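> need coordinates for the below:
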Amino acid sequence: MLCFFILIYYLSSPVCSEVLSRHRRTWIIATFEIEEEYQGPFPYELGTVNVERKYPVYFTLHGEGVDEEPEGVLSIDRKTGTIYANKAVDYEERTRLKLRFEATKSDLSLDTKLGIEIAIHDINDNPPRFSRALYEIQVNEVTTQGSHLLTVRASDRDQRGSPNSTFHYEIISVTPKTSDTEFFISELGAISFKGCLNRDVSKKFTILVEAKDHGDVVSLSSSTTVVIHVLDGNNHLPIITGQTGPAKVKENESGTSLLRLHVADEDSVNSSAWRARYTIDGDKGGNFQIETDPESNDGILTLVKPLDFEEGPQRELHVFVENQDPYFHCKVEEKTPLGLWKVDIAETRGHAGLAPIKAIIEVEDTNDSPHFEVGVKRAMLDENTPAGTWVERVVAVDPDFMQKRDFVYRMGHDPAGWLTVDPHTGDITTIKVPDRESPHVVDGLYTIVLLAVDDDTPPLTGSTTLLIHLGDQNDNPPQLELNHVDICLSDIPTITNITAFDRDGYPFGGPFKFELLGNFQGKWKLNPTYGLTAGLVKEPGVYAGTHIVDLKISDLQEVSAIYNLSVTVCDCLVTPNCRSRNSTKAVFGAVGIALAALLLFLILLLAAFTFSCKEEFPFRLDYPCGETLLASNIERPGTDCKVVQVPENIIQHCKPAAEQSQRYGGQDILAKGTKQSLASGHYRSKSWRIASHPYRNNFDQTRRSLRVPRHDYQDTGTLTFCHKNTSSVTDGALLTLLQRRLLSIQTSDDLDYEPHTYTEEGDADIPYELETISIPDEDPTSFLKTLNDFDPRFKQLSYICKPVRQ
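This is a model prediction of the structure:
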């Protein structure tokens with residue numbers, strides 16, 4: 001029995017110090033203990049605290065068990081110091097009680113203060129308790145003996161390390177009890193078994209496990225239940241019970257189910273130990289496949305690759321069956337008193353030791369398509385070979401032994417149509433000249449497909465591929481990649497690259513030799529002149545514009561070609577691409593032509609319905625007379641006009657009529673134009689010049705920017721003129737309107753070239769056919785009077801020759 005120790009210590013105070021220093025006291029304190037769960041009667045005396053004093057003192061207790069939890073357990077007699085226990089205590093709640101003992105004098109001053117700890121004596125009042133009332137697990141029946149199944153756990157609340165809290169585990173019962181299985185438990189609660197598990201004998205085991213302590217007076221215990229569910233293992237082999245199906249197939253057919261194998265298995269249905277897995281032995285060509293029906297567990301044999309009757313009329317197969325789980329067998333041979341039993345365990349993987357079933361597949365003969373000896377054949381042929389050249393021969397055979405049939409050769413695919421095949425011999429010849437540079441030739445190979453077609457109904461066809469290697473010849477000269485290049489205008493030599501290619505292969509292609517034809521000294525040169533790319537060097541003296549350079553390019557075999565290379569020289573600071581500038585002009589010029597043509601058409605249509613005659617508007621010259629001008633008409637306002645029907649044989653197109661020199665922008669510019677007429681006439685005159693209107697200059701520039709053909713006009717003395725069947729008003733209005741319209745369109749365009757100044761050539765020779773009218777210098781006034789007496793047609797001449805006042 002444990003003794004209750006009373007720890008007494010002196011709490012210092014001035015009064016106590018003085019008393020102790022003056023008096024020597026003997027302190028005798030008894031030992032106290034409380035037994036838990038004491039049943040009474042209460043209160044009972046634990047002991048007395050003796051304090052020897054010559055003066056009366058009074059005793060009090062404070063702390064656990066008195067005025068703190070658990071309250072009311074202890075009390076003390078105020079005068080005698082006797083301590084009493086008033087009710088039972090629980091060791092599992094508190095193992096000891098801590099108290100303060102005080103003795104006070106009559107004047108209530110503190111005499112003595114002590115600290116007391118009272119131990120509580122434990123009794124075996126708590127059995128071991130399991131953490132769970134029920135344990136439930138699943139174990140496969142192929143589990144071997146000695147394997148750990150699960151661990152149960154229990155605990156005891158009594159004093160740790162005492163016999164009351166020490167316990168052991170014990171299996172009380174096992175239901176059902178089998179001869180080949182015995183369960184046991186270790187001192188730590190681990191459960192295992194001896195022997196073999198057999199689901200066919202028992203699908204579930206119920207084990208009652210007890211935990212019992214080692215109390216001296218009384219031993220307490222508790223129990224828990226362990227339920228073990230036995231899962232099915234593969235301890236039964238599948239057995240093929242039969243087969244159904246035609247077991248026949250025609251050659252060249254596939255995808256047909258030939259056989260269904262039926263199997264029996266005693267393991268649990270739809271478990272991995274029951275589900276069958278089939279394998280085929282004897283399928284050398286991989287023609288067959290067998291799968292498991294998930295519902296019935298049957299094996300379905302399917303033909304996945306066609307069979308050939310000529311390789312044999314039958315196929316003999318051996319089919320093995322096994323389960324997804326490996327086969328397991330356990331048998332108890334001896335039950336030993338100690339340790340594990342002696343058992344026989346057999347585990348088999350695969351179909352080792354299993355007897356297969358034989359399956360015979362019948363193959364029916366059918367007509368086979370002709371078969372070529374070689375699936376892909378190669379041949380050699382030079383390009384440019386004349387038609388009728390033999391290329392190659394292909395050979396096909398009929399694989400049937402029982403049903404021999406005739407067949408013919410045909411061309412299946414000949415992309416360029418160069419070849420033909422003899423239908424009986426298979427000889428391939430050319431019918432056109434082959435070209436290695438044809439788009440149908442890839443990397444020097446020309447591919448055709450040949451067919452062999454038998455006379456069956458429907459006919460069967462075999463095919464082969466012929467790859468013809470075309471030999472290269474030097475039948476193509478070098479070519480320029482671009483026929484036009486750009487180069488920048490500069491005060492120093494500038495260079496641009498010229499790249500060539502040759503459709504022929506090596507050694508009939510590059511690198512190339514580049515040469516300039518003609519005298520380009522001081523203008524153009526090549527550097528380098530050899531390679532796939534040459535450098536065209538522009539000298540500083542070449543002006544801006546488009547230039548044509550004759551270029552000769554030769555390959556390695558001296559096969560050459562001459563090209564007119566267009567070189568555009570422009571200021572790269574203005575535009576980075578010379579052709580982009582020209583293309584912009586062309587776009588705007590095309591728009592201008594379209595708008596002008598539409599406008600001209602509308603004006604002509606309006607004039608045709610509005611005017612029936614024309615009014616004469618004299619053309620006034622700004623220069624003084626010095627030459628002779630003849631009016632071409634004498635119509636006056638109000639005169640009806642009649643269109644004369646001119647025979648077609650005298651209608652002719654306009655010929656060059658006049659060469660005019662005009663001044664615009666401070667320069668003498670050559671302007672040229674034409675008129676059209678349905679009638680022709682002649683007059684005599686000297687050469688003449690007129691001051692051109694600014695619109696004419698712009699019109700000429702527009703014509704040149706639109707690339708209108710340019711005509712040179714000379715005064716031959718005989719002017720072939722053209723006259724439209726509309727009034728001069730319409731002609732002048734149309735010309736002025738058209739010039740203004742074109743001028744407004746082209747004002748934003750820059751011309752390719754600035755106007756060029758030509759040398760004044762003077763008056764042209766006067767043809768002798770024309771009559772000369774002399775104007776006397778000494779008396780011009782009389783001459784003008786003479787003109788007034790002439791026909792009214794000379795009125796205009798008189799006005800022109802009138803002297804200009806300075």
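
> what helix or strand does Thr736 sit in?
Following DSSP states H and E, the helix or strand that holds Thr736 is helix 728-746.

> so Ala525 sits in a helix?
Slight slip there: residue 525 is Lys, not Ala. No: counting by DSSP: H, G, I helix; E, B strand; the rest coil, one finds Lys525 to be strand, located in no helix.

> which residues touch it?
Contact criterion CB atoms under 8 Å, 6 or more residues apart in numbering gives Leu516, Val537, Glu539 as the residues in contact with Lys525. Placement of C-beta: from N, CA and C, glycine included.

> repeat for Val263
Neighbours of Val263 in contact, by CB under 8 Å, 6+ apart: Pro238, Ile239, Ile240, Thr241, Ala276, Asn297, Asp298, Gly299, Val321.

> sec struct for the nearest residue to Asp293 once chain neighbours are set aside, please.
The shortest distance from Asp293 to any residue other than its chain neighbours is 6.0 Å, reached at Ile300 (CB to CB, 6 or more residues apart in numbering). Using three-state DSSP, the three-state assignment for Ile300 comes out as strand.

> bridging residues for Ile300?
For Ile300, the beta-bridge partners are Arg260, Glu291 (DSSP bridges).

> please apply the same query to Ser463.
According to DSSP bridges, Leu451 are recorded as the beta-bridge partners of Ser463.

> now do the strands in the stretch 401-550 of the chain.
Ranges of strands within the stretch 401-550 of the chain are 407-413, 419-421, 427-430, 445-454, 461-471, 479-480, 484-488, 494-501, 512-517, 524-526, 530-531, 533-538, 545-554, based on DSSP state E, counting those that start in this stretch.

> so can I have a markdown table of those showing mean pLDDT?
Below are the strands of the stretch 401-550 of the chain laid out as a markdown table (pLDDT from 0 to 100):
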| stretch | mean pLDDT |
| --- | --- |
| strand 407-413 | 93 |
| strand 419-421 | 94 |
| strand 427-430 | 94 |
| strand 445-454 | 93 |
| strand 461-471 | 92 |
| strand 479-480 | 90 |
| strand 484-488 | 89 |
| strand 494-501 | 91 |
| strand 512-517 | 92 |
| strand 524-526 | 90 |
| strand 530-531 | 90 |
| strand 533-538 | 91 |
| strand 545-554 | 91 |
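
> can you check the pLDDT for Leu565?
Here, the pLDDT recorded for Leu565 equals 91.

> that one contacts Ile548, correct?
Yes: applying CB atoms under 8 Å, one finds Leu565 in contact with Ile548, separated by 7.2 Å.

> show me which of those two is the more surrounded one.
Leu565 (19 against 10; other CB atoms under 10 Å).

> quick check: which element contains that one?
Secondary-structure assignment from DSSP H and E places Leu565 in strand 560-570.

> what's that strand packed up against?
Strand 560-570 makes packing contacts with strand 479-480, strand 484-488, strand 533-538, strand 545-554, helix 578-610 when contacts are defined by 3 or more CB pairs under 8 Å, 6 or more residues apart in numbering; DSSP states H and E.

> any weak-confidence spans in the stretch 551-700 of the chain?
574-590, 609-700 (pLDDT under 70).

> one more time with 90
For the stretch 551-700 of the chain, applying pLDDT under 90 flags the ranges 557-559, 569-700.

> distance of Gly505 from Asn323?
To Asn323, Gly505 is 66 Å away according to CB to CB, to the nearest Å.

> typed the wrong thing, it's Cys330
Taken as CB to CB, the span from Cys330 to Asn323 is 16 Å.

> now Asn476: closest residue in space that isn't a chain neighbour?
Take Asn476 and drop its neighbours on the chain: the residue closest to it by CB to CB, 6+ apart is Arg503, 4.3 Å away.

> now Lys204: how far from Val152?
With distances defined as CB to CB, the gap from Lys204 to Val152 amounts to 18 Å.

> ditto for Arg503
Spatial separation of Arg503 from Val152 under the definition CB to CB is 92 Å.

> repeat for Asp213
When distance is defined by CB to CB, Asp213 is 16 Å away from Val152.

> who's more crowded, those two?
Asp213 (23 against 20).

> about what we covered before: out of the strands of the stretch 401-550 of the chain, flag the one nearest Arg315.
Distances from Arg315 to each of the strands of the stretch 401-550 of the chain were compared by CB to CB, and the smallest falls on strand 461-471, at 24.2 Å.

> all helices of this protein, in order?
Taking DSSP state H as the criterion, the chain contains helices spanning 14-22, 578-610, 694-705, 728-746, 780-788, 795-800.

> export stretch 200-207 to CSV, keeping only CA atoms.
What follows is the C-alpha trace of stretch 200-207 in CSV, where atoms were taken according to Å, rounded to 0.1, in the frame of the first residue of the first chain:
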residue,chain,number,x,y,z
ASP,A,200,-15.7,-22.4,-50.8
VAL,A,201,-15.6,-23.6,-47.1
SER,A,202,-16.4,-20.2,-45.5
LYS,A,203,-16.9,-16.8,-47.0
LYS,A,204,-16.7,-15.0,-43.6
PHE,A,205,-15.1,-15.6,-40.2
THR,A,206,-16.3,-13.9,-37.0
ILE,A,207,-13.6,-13.8,-34.2
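
> so what does the closest residue to Gln159 other than its chain neighbours have for phi and psi?
The shortest distance from Gln159 to any residue that is not its chain neighbour, by CB to CB, 6+ apart, is 4.0 Å, and that residue is Asp122. For Asp122, the backbone dihedrals are phi -80, psi 140 (criterion: degrees, to the nearest 10).

> how near is Asp122 to Pro163?
Taking CB to CB as the measure, Asp122 and Pro163 are separated by 10 Å.

> test my guess that Gln324 contacts Asn270.
No: counting by CB under 8 Å, Asn270 is not a contact partner of Gln324; they are 11.2 Å apart.

> correct me if wrong: Glu515 contacts Ala534.
No: contact between Glu515 and Ala534 fails when scored by CB under 8 Å: they sit 9.4 Å apart.

> and for the two, which residues touch both?
Common neighbours of Glu515 and Ala534, using CB under 8 Å, 6+ apart, are Leu526.

> more neighbours: which of these two?
Taking neighbours as other CB under 10 Å, Glu515 and Ala534 compare with Ala534 leading, 25 against 14.

> what's near enough to touch the residue nearest to Asp293?
Ser257, Leu259, Arg260, Leu261, Ile290, Glu291, Thr292, Asp293.

> about what we covered before: mean confidence for the helix holding Thr736?
The pLDDT scores in helix 728-746 average 65.

> show the average pLDDT along stretch 371-384.
Predicted confidence along stretch 371-384 averages 90 (mean pLDDT).

> buried residues in it, which are they?
Residues of stretch 371-384 classed as buried: Phe372, Lys377, Ala379, Leu381, Glu383 (neighbour count, 16 or more other CB atoms under 10 Å).

> reformat the residues you listed as CSV; add distance to Glu558.
Formatted as CSV, the buried residues of stretch 371-384 follow (distance: CB to CB, whole Å):
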residue, distance to Glu558
Phe372, 45
Lys377, 38
Ala379, 31
Leu381, 26
Glu383, 20
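
> closest one to Phe42 out of these, please.
The closest of the buried residues of stretch 371-384 to Phe42 turns out to be Phe372 (CB to CB; 118.0 Å).

> wait, the closest one sits on Val394?
Yes: under the criterion of CB under 8 Å, Phe372 lies in contact with Val394, with a separation of 6.3 Å.

> shared neighbours of these two, anything?
When contacts are counted by CB under 8 Å, 6+ apart, Phe372 and Val394 have Leu450, Thr464 as shared neighbours.
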